[in-house]
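Undergrad: What would the 3D arrangement of this be:
(chains A and B)
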Protein chains: 2
Amino acid sequence: MKKNAFYAQSGGVTAVINTTAAAVIETARAYPDKIGTVFAGHNGIAGALKEELIDTSVETDADIAALKYTPGGAFGSCRYKLKDYKTHPAEYERLVQVFAAHDIGYFFYNGGNDSQDTTNKISQYCQQVGYPLQCIGVPKTIDNDLAVTDNCPGFGSVAKFIATTIREAAFDVKSMCATSTKVFVMEVMGRHAGWIAAAGGLAAEKYGDAPHIILFPEIAFDPERFYRKVHDTVAEIGFCVIIVSEGVKNEAGRFLADAGIDDAFGHRQLGGVAPVIVDLLSRLHGYKCHWAVPDYLQRSAAHLVSQTDWEQAYAIGKSAVEMAIAGKSGIMCTIVRDGNMPYRWSIGATDLNNVANQEKKLPPEFISADGFGITQAARDYLSPLIQGEHYPIYKNGLPNYITLENKLVAKKLPTDPAKKETLY
Amino acid sequence: MKKNAFYAQSGGVTAVINTTAAAVIETARAYPDKIGTVFAGHNGIAGALKEELIDTSVETDADIAALKYTPGGAFGSCRYKLKDYKTHPAEYERLVQVFAAHDIGYFFYNGGNDSQDTTNKISQYCQQVGYPLQCIGVPKTIDNDLAVTDNCPGFGSVAKFIATTIREAAFDVKSMCATSTKVFVMEVMGRHAGWIAAAGGLAAEKYGDAPHIILFPEIAFDPERFYRKVHDTVAEIGFCVIIVSEGVKNEAGRFLADAGIDDAFGHRQLGGVAPVIVDLLSRLHGYKCHWAVPDYLQRSAAHLVSQTDWEQAYAIGKSAVEMAIAGKSGIMCTIVRDGNMPYRWSIGATDLNNVANQEKKLPPEFISADGFGITQAARDYLSPLIQGEHYPIYKNGLPNYITLENKLVAKKLPTDPAKKETLY
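TA: The predicted structure is shown next:
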């Protein structure tokens, strides 16, 4: 029986979330007897709640193909977590009304931890009220902190960008360190888990290579040990390149970005832990320091996508549709590591209950004994994820990223202005 | 008559200064009857003053070829400006001693404004004292502020990186702007001239495209007009992407990075104008803002080099050697724009007196009437410089940049510790 599908992007976007979107749409188009129109939620699940459904069928195959190398979230994303349906049934009732009105029988939700929780709740609610909806969670997060799946689409490309750019900046710093900048600090994303910071460690392959120090959110910041390590590195190597996770905390458990300067010198910092670190070092050592905060650049760097990440992002969208057609529901697709030498992977699935609201931290055995680097185990895990280069198509010297038409379908339900307000 | 050559890298490095170095060495190797060994200065001109000469002849052709896609300055660079030889002859005497001791008859100095001044002084001094030295200035600067030459090797690649990454980040911001970040600010280099900031404007090709606002060092920051423009852009487009040059100054002529917060709220900012701008906007509009400071990432992004820039960086190194062999001296090689539709260029030359200590600002006709964008004239100038992609070679998922052996030749002159101290 033919049904329409709903696909939405949730949470922070990645360089390859649109690759997954393209895979969902292309695969759905390959099964015209099973899936009618793929409706994309305008700004994630909010699009379903507001009945703002984007009609992807008006987009040409060529434009959907161009999505595969376009960063950002083509249909808009949001951070919105549904509450428990037992205590807050209204939004769930509304979702089912919208799905029923548009004959939606497939639900694909492309997001991280919170999104898998949402998918799980919607799946359970629909089962309870008897609305037939195949609910499939499609993982995505640069933070790589989803449970069960070996890794998350989006992470490999951030990892590649950070490892590449810290290596490049280190070549720059090394050139000038005799008479100029001696310390370079780059801040990377990952507020709760140090996966991205760890990935930067891949740039160092032998003694002396940068980064020389990684500050992980998993390790409380110890100023004295850190200063000594910087001092020793400059003395030995001539310069010191540091990766700091935005999530680094002090002994008291406060984010260094908030606490560092405030505590030490009585004035507030505007955000960004890199300048905090540099300020501390400048005062203590007198080194000339530079710092970088790539911020969104790291998660939107579609010009430097990992081919492995790209292939997995596509495969997971394709498998999600195939599993839904095969009758699966209440699951999240996963990436399974089948082997490491050589790296082999496949797509699996897990019950949404296994992943919702879990958070996968960096394992302690991935962090070196001194707390400032990564181990061989970390390299063995991380390295396969950054292999290969998937380049976008350029036009006039710049990546030719696509903006879709994003045509909303006509609403079939009355709009309740009061209710609309409560959706955010 | 066969002579050895001296080549040195000066000032801030670029993604393609090593391409020029490779061109100098490869071209010299092609004329073994004219040029013996190319000695590279260890850390720029300091290498000559200290008699720290790197013997590039021990490097294989393959390793020199790998230089062509390696960022940083392979032989080390420094910022060091020679004083007038009439009042400070000691360093010039020393240079001539070192050159004579190593039979150096060719001098190639790869740098920006200050470096061309140094080349000019050395050229004049050698003429005066009768030491035969062919002195050729080889331009390089990401700032694009050298006179006479149409553009400078190094600039095109920074321009490409900034335009690409601001476009990518804008796709990210657009995805989330309905419920999250509404303003994104990226700080770019260029303390005295807005060339790099202007290049970011290439990312915008039609109405609504980012960047929506560019803050140039050439235009005094007017807070009221800026706030209004941000407000109007968010109201119209839904979000606002801003490029700010690190060199933006307030009406009083102070760098905003130093003055902004200090003046307005009584506390000091740690450097970086992007967080200053974001702080002002957050307080005034209450928007959620994000900011990025790519810092060295922009000038070392060898993973995203402009093919045009790469070709020019190579050609200018090659021509420098060929001109020296042809008997030229006291000149700087230049890039000449022979046509714009299609873009055609060639290598020319100019007397060093024409470029030393000049600074080429962004022409007023490149800045749009409201002061927040670029004109078609700017696009016509900038666009050819970012065309084409020159990718590095990857190994294990990361660019396989080379570190040369950098073997110093044996010193032939006595070291004077007292004098050595004065060299810096």
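
Undergrad: for stretch A:49-64, what is the average pLDDT?
TA: Throughout stretch A:49-64, pLDDT has a mean value of 98.

Undergrad: what comes into contact with that stretch?
TA: A:6-7, A:22, A:25-26, A:29, A:37-43, A:46-47, A:75, A:91, A:94-95, A:98, A:101-102, A:402, A:404-409, A:411-413, A:415, A:420, A:423 (C-beta atoms under 8 Å, 6 or more residues apart in numbering or on different chains). Any C-beta I mention is one placed from the backbone N, CA and C, and that applies to glycine too.

Undergrad: Can you name the residues of the stretch 251-400 of chain A that neighbour chain B?
TA: A:261, A:267-272, A:275-276, A:278-279, A:290-297, A:299-304, A:306, A:383, A:386-389, A:391, A:394, A:396-399 (C-beta under 8 Å from any C-beta of the partner chain).

Undergrad: residues in contact with A:Asn353?
TA: A:Asn353 makes contacts with A:Asn120, as judged by C-beta under 8 Å, 6+ apart.

Undergrad: hang on, it in a helix?
TA: Yes: assessed with DSSP: H, G, I helix; E, B strand; the rest coil, A:Asn353 lies in a helix.

Undergrad: and it, what pLDDT?
TA: 96.

Undergrad: Can you flag which of the contacts of stretch A:49-64 belong to strands?
TA: A:Phe6, A:Tyr7, A:Thr37, A:Val38, A:Phe39, A:Ala40, A:Gly41 (DSSP state E).

Undergrad: hang on, the earlier thing: what about chain B: which of the contacts of stretch A:49-64 touch it?
TA: Within the contacts of stretch A:49-64, those near chain B by C-beta under 8 Å from any C-beta are A:Asn43, A:Ala46.

Undergrad: distance between the regular element (helix or strand) spanning A:Asn4 and the chain's centre?
TA: Secondary-structure assignment from DSSP states H and E places A:Asn4 in strand A:3-10. Distance, stretch centre to chain centre, for strand A:3-10: 19 Å (C-alpha atoms, centre = their mean, to the nearest Å).

Undergrad: Next: stretch A:111-127.
TA: That offset, for stretch A:111-127, works out to 18 Å (C-alpha atoms, centre = their mean).

Undergrad: next one: stretch A:181-193
TA: 17 Å.

Undergrad: On the three-state scheme, whatever residue of the stretch 151-300 of chain A ends up closest to chain B is what?
TA: The nearest approach of the stretch 151-300 of chain A to chain B comes at A:Phe171, 3.1 Å away (C-beta to the nearest C-beta). Here A:Phe171 takes the helix state, with states given by three-state DSSP.

Undergrad: re earlier: tell me the neighbouring strands of the strand holding A:Asn4, and mark each as parallel or antiparallel.
TA: strand A:35-41 (parallel), strand A:77-78 (parallel), strand A:104-111 (parallel) (DSSP bridges).

Undergrad: I'd like those strands as CSV, with mean pLDDT appended.
TA: Formatted as CSV, these follow (pLDDT from 0 to 100):
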stretch, mean pLDDT
strand A:35-41, 98
strand A:77-78, 94
strand A:104-111, 98
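
Undergrad: In a markdown table, list those along with distance to B:Ala257.
TA: Output for the strands paired with strand A:3-10, formatted as a markdown table (distance: least, C-beta to C-beta, whole Å):
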| stretch | distance to B:Ala257 |
| --- | --- |
| strand A:35-41 | 41 |
| strand A:77-78 | 32 |
| strand A:104-111 | 37 |
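
Undergrad: closest to B:Arg337 out of those?
TA: strand A:77-78 (43.3 Å; C-beta to C-beta).

Undergrad: Report the contact partners of A:Cys126.
TA: A:Val96, A:Pro132, A:Leu133, A:Cys135.

Undergrad: Relative to B:Asn354, how far out is it?
TA: Separation of A:Cys126 from B:Asn354 (C-beta to C-beta, to the nearest Å) stands at 76 Å.

Undergrad: can you check A:Ser300 too?
TA: Counting by C-beta to C-beta, the gap from A:Ser300 to B:Asn354 is 42 Å.

Undergrad: more crowded one of those two?
TA: The residue with more neighbours, out of A:Ser300 and B:Asn354, is A:Ser300; 29 against 15, by other C-beta atoms under 10 Å in any protein chain shown.

Undergrad: Looks like the more buried one contacts A:Val13 (just checking).
TA: Yes: the pair formed by A:Ser300 and A:Val13 meets the contact definition of C-beta atoms under 8 Å, at 7.3 Å.

Undergrad: Now for these two: what residues contact both?
TA: With C-beta under 8 Å, 6+ apart as the test, A:Ser300 and A:Val13 both reach A:Pro71, A:Gly72, B:Asp172.

Undergrad: Let me see the contact set for the closest residue to the second one other than its chain neighbours.
TA: Here the nearest residue to A:Gly72 in space, its sequence neighbours aside, is B:Phe171; by C-beta to C-beta, 6 or more residues apart in numbering or on different chains that works out to 3.1 Å. Taking C-beta under 8 Å, 6+ apart, we find B:Phe171 in contact with A:Thr70, A:Pro71, A:Gly72, A:Ser300, A:Tyr401.

Undergrad: Let's see that with 10 Å instead.
TA: A:13, A:15, A:18, A:70-74, A:296, A:300, A:302, A:399, A:401-403, B:210, B:241 (C-beta atoms under 10 Å, 6 or more residues apart in numbering or on different chains).

Undergrad: ok, so what distance separates it from A:Tyr80?
TA: Using C-beta to C-beta, one gets 21 Å for the distance from B:Phe171 to A:Tyr80.

Undergrad: Check A:Gly371 too.
TA: Counting by C-beta to C-beta, the gap from A:Gly371 to A:Tyr80 is 36 Å.

Undergrad: A:Gln307 now?
TA: 32 Å.
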